[in-house]
Structure formats: structure tokens, C-alpha cells
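# Using only what follows, build the 3D model:
(one chain, ligands or ions: 2)
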Amino acid sequence: MPCCHADFAAVEGSDRGFTVGMPTFTFGPGVLAEAGDNAAELGLKRVALFTDRTLASGEHVAKVKASLAAAHVDCVVYDEVVIEPTDKSLQEAARFARESNVDGYVSVGGGSVMDTCKAANLYVSQPAEFMTYVNAPIGAGQRVPGPVKPHIACPTTSGTGSETTGISIFTLTSMNAKTGIISRRLIPTIALVDPDVTRSLPANVVASTGFDCMSHALESITARLYPRRLNPAQGIRRPVSQGANAFSDALATQALSSVGQYLVRAVKDASDTEARTEMMYAAMLAGIAFNAAGCHLPHGLSYAVSGLIRDWHVDGYPEGKTLIPHGMSVVLNNPSVWRHTAFAHPERHLRCARALGGATDGATHADAGEVLAGRIIELMRAAGMPNGLTALGFGEAQIDALATGAEPQYRVIKNAPIDVDRDVIKRLFRAALRYW
Ligand SMILES: NC(=O)c1ccc[n+]([C@@H]2O[C@H](COP(=O)([O-])OP(=O)(O)OC[C@H]3O[C@@H](n4cnc5c(N)ncnc54)[C@H](O)[C@@H]3O)[C@@H](O)[C@H]2O)c1
Ligand SMILES: [Fe+2]
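Ligands and ions are numbered 1, 2, ... in the order given. Here you go, the predicted model:
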């Protein structure tokens, strides 16, 4: 029984339960063509289809539109989604949705599209001033008071798992900080996870999103254990992300073994259908896991990196805009974090290394951080990731600014298995400057 597992033994005053939210999902090649029937089954007559400009004229959106038409569901398209959305872009999307007078939503795209769609749905269904639902302390962090409209999420990248989560992430431009909105009500109603979409994914997007998936799984397993979480709310006020638990452990471990086996193959060969399909499935599993367990240091630190990056562009992402892909900013802090946190739960870190295919034979607890970091560095090199933050133009002179950039992320960072202060954060960034 998971509740009797030694790691999850109750402590004084701790929560005795954990709640896992997820959509009804369908996984398999060709399932995008089921969008119309699902929408009709939900009773939808007219939907807003959210996508981005690159995808709008492509085959995946065409397939979903055809399926909606065949099911006699009207559809208005919004293709102005901003890659790595901002507060402004979310509000523009909400304005479109409000004026379109729809009874449901369909998103076809990566995390940027699905997150934008969740926010538009929220602000039309439960109108409020924008900062009302944004995570505290940046926003007011108020609970979403009622339901949102049905949302069918169709991911086209293999990493964020956003099709399964109650999370919408964006950059708050005035603070140059990434933050988000979290509520079980934002979990899509239905996820149609079709690995055929990965055929058109550029290698760099497969690599970055694959490392995002890897980090979701690693952070789920190494997060503060749920009986020891700092937010003690229980019952219906139990937070969406509650700390490591038996269910997220199982899903995240399975996702890690897929990442270890298939990520590099999926990056290197677009025709490797097996590898790309396995990565699509792993991303979904890791999404369910981290939604329930929560992320911590690698994501918290990544937001400082993405806020401070200058003059950086990666092929496969929109031209003419400085942008570090989310998964790339996340993986760059990974080896540094695991070397530092392993002492808190060496068994858990070794389990992660083993699942990823690391050399754990004969490894002791003292080796856990190094073995896990070493395996991740191997994967980073094989998948063409930059060699630490130095490769992005950061150096000792930026460590202070990076630590300041991480400060708004303490809500996420506190889910780490160790206590973290500014000195620890500076040490982690310093150790992430160069890996090989
Ligand atoms: N809500 C969550 O739970 C969650 C989790 C992790 C990350 N995120 C957020 O998701 C965003 C990143 O999303 P992402 O990594 O999926 O990428 P993305 O949506 O930003 O898209 C990246 C690029 O890939 C292109 N693309 C997408 N699918 C394609 C396909 N099938 N073929 C060809 N090109 C394709 C897009 O047009 C874009 O240029 C970030 O804002 C991140 O913070 C959210
Ligand atoms: Fe992520």
C-alpha cells in the first residue's frame, strides 16, 4: 500500500492523502482525428481552436479542423499564440475568446499554445482582474471559484505534459519573471495525444522538450515528500502539487526509463517512429506526475536564466526573437542541482540514475549525485545541449543577478528536498556554468 511506504509515513499533523488530477486521455497514432467526435460528445457546438502561426497552416491543425467539421462543430481559429507566452499575450487571447462566444476550446500545439488556451478559457469562464489567479506572491493566488469550459488539448511537442496539467505558465513582462496559474480546474477535459505529430518536430524542439520531460520526472521523484510539504492545506484545499507520492513516483520512473532509452534516438532521427512515440508517451506520464508532485529547483532556477538571456536563438523556434527554449534552460541547471540535493534522498537520486540508464552498479549513497549528474551530462552532450550557462554568455559576473532572478520562484524552489537560501542558489548557478 502506497500509504504504508516508509518514505511516506505520516508525521505529526501531516496530510494522510494525496490527490491526483488528470484529463481523460487517448493515446495513439491518428487520434487527432477523434477531436470532432469528442467535442460533439461533450455537447459542444462552437469551439475556439488555439494554435501558433507555424502550426496554423500545417497538417495537424488541418486534421483537427476536418474532424470538427465532420462532427458539425463550428470552429474559430486563434493563431496569434506567442511562443513562450506573456501576460499580455494571454490577455489578448482571452479577449479573442470572449468575443468569439464559444462553448468550448481545442488547443493544437506545444506548451505555449495549450497554456494560452487554458488561461483564455479561465478568464472568460471566471472573469477577474488578471493578477487575481496568478501564483502568490507575484499575484493574489486566489482559488478559481467555479468551472471553466471544456478543453480538448492536442499536444504537438513531446515534453511539457501541459495536456495533463492544471498549470498555465507565462512571463510577467513588468517583472521579467516567469510565473503561472495553477488550479485543478485548468486541467484539460480531454487530451488527444497523437505521436504522429512528432514527425514534423525539428530536432532542437525534440531535444529541449525531451529534457523538459526528463526534469519533470526527476523533480517529481526528488521533491519534498508529500507528508512533509510546507503548505499544509488538506481536503479540497489540498494544493495541486503536493510533493512526491507513490503514484507520481511510478509514472515518473517509467518516463525516465523512456528518456534514457529513446531521447537521443528521437533527436537524431526524425524517422525513428518508435523513439518519437515513446517520448510522446513519456512526456504525458511525466506531466501527470509533476502536476501532482510539483517541480522544484531546476525549474525555479531556469526562470532566472530565461529572464536574463540575451541574444540567443535556437533553430526550430521563431526567428527574430531572443528566446531560450524552456527545456534547454531547465536542463542546464540539472547536473548542478542533483550533485547538491542527492544527500537528502540518495536512494531516490540513485533510482533516477538507474531509470535513466546510468552506471549505478556498485554505486553507494555517496555516489548518488555524481552518478545522476554524469548520466544527464552524457545525454546533454549526445543531444547537442550547450555546455552549461557559460555557453549562453553567463559568467561569474552574472551570478548575483541570476540569484535575484530566482527570488520570485521561491514558491517552486521550496518544494526541493533541502533548505535553500540565496547562498545555495548562487552555489548552484556557479556549479552550472560549465560541465565538460
Ligand atoms: N503548463 C505546463 O504544465 C507546462 C509544463 C512545462 C512547460 N510549460 C511551458 O510550455 C512552453 C513551452 O512549450 P513547448 O516546449 O511545448 O514548445 P512551444 O509550444 O513553445 O513550441 C516551440 C516551437 O516548436 C514549434 N512546434 C510545436 N509543435 C510542432 C510540430 N509538431 N512540428 C513542428 N514544429 C512544432 C512551435 O511552432 C514553436 O516554434 C513554455 O512557456 C513553458 O514554460 C508548461
Ligand atoms: Fe517544464
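# In terms of pLDDT, where does residue 1 sit?
pLDDT, residue 1: 42.
# wouldn't residue 209 be in contact with residue 280 here?
No. Shown here, residue 209 and residue 280 do not form a contact pair, counting by C-beta atoms under 8 Å, at 9.8 Å. (Glycine included, C-beta is placed from N, CA and C.)
# Relative to residue 365, how far out is the residue nearest in space to the middle of the chain?
Nearest to the geometric centre of the chain sits residue 160, at 3.8 Å (C-alpha atoms, centre = their mean). Here residue 160 is placed at a distance of 32 Å from residue 365 (C-beta to C-beta, to the nearest Å).
# again with residue 26
From residue 26 over to residue 365 the distance is 42 Å, taken as C-beta to C-beta.
# Residue 349 too?
With C-beta to C-beta as the criterion, residue 349 and residue 365 are 9 Å apart.
# more crowded one of the two?
More neighbours surround residue 349 than the other of residue 349 and residue 365, with 30 against 13 (other C-beta atoms under 10 Å).
# where does the more buried one fall, helix, sheet strand or coil?
Assigned state for residue 349: helix (three-state reduction, DSSP: H, G, I helix; E, B strand; the rest coil).
# Might you enumerate the residues of the protein proximal to ligand 1?
Contact residues (C-beta under 6 Å from any ligand atom) of the chain with ligand 1: 52, 54-55, 83-84, 109-113, 115, 156-157, 159-162, 165, 167-169, 197, 200-201, 205, 209, 212, 317-318, 326-327.
# Buried only: go through those for me.
Buried subset of those (neighbour count, 16 or more other C-beta atoms under 10 Å): 52, 54-55, 83-84, 109-113, 115, 156-157, 159-162, 165, 167-169, 197, 201, 205, 209, 212, 317, 326-327.
# mind listing which of those residues are in helices?
Per DSSP state H, helices hold the following members of those: 54-55, 111-113, 115, 205, 209, 212, 326-327.
# now, which of these sits nearest residue 423?
Set against residue 423, the nearest of these by C-beta to C-beta is residue 326 (26.6 Å).
# what sits against the closest one?
84, 111, 160, 208-209, 212, 302, 306 (C-beta atoms under 8 Å, 6 or more residues apart in numbering).
# Need the pLDDT of it.
As predicted, residue 326 sits at a pLDDT of 95.
# which residue ranges form the helices in the stretch 51-200 of the chain?
Under the criterion DSSP state H, counting those that start in this stretch, helices of the stretch 51-200 of the chain are mapped to 53-56, 59-70, 87-100, 111-125.
# Tabulate the ones you listed (JSON lines), appending mean pLDDT.
Converted to JSON lines, the helices of the stretch 51-200 of the chain look like this (pLDDT from 0 to 100):
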{"stretch": "helix 53-56", "mean pLDDT": "96"}
{"stretch": "helix 59-70", "mean pLDDT": "98"}
{"stretch": "helix 87-100", "mean pLDDT": "98"}
{"stretch": "helix 111-125", "mean pLDDT": "98"}
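# Determine which stretch of those is the most buried.
Greatest average neighbour count among these goes to helix 111-125 (a mean of 27), per mean count of other C-beta atoms under 10 Å.
# Just the angle for that helix relative to helix 87-100, thanks.
Per axes from the mean of the first three to the mean of the last three C-alpha atoms, to 10 degrees, the angle that helix 111-125 makes with helix 87-100 is 50 degrees.
# Can you check which residues contact both of residue 209 and residue 280?
Here residue 209 and residue 280 share the contacting residues residue 158, scored by C-beta under 8 Å, 6+ apart.
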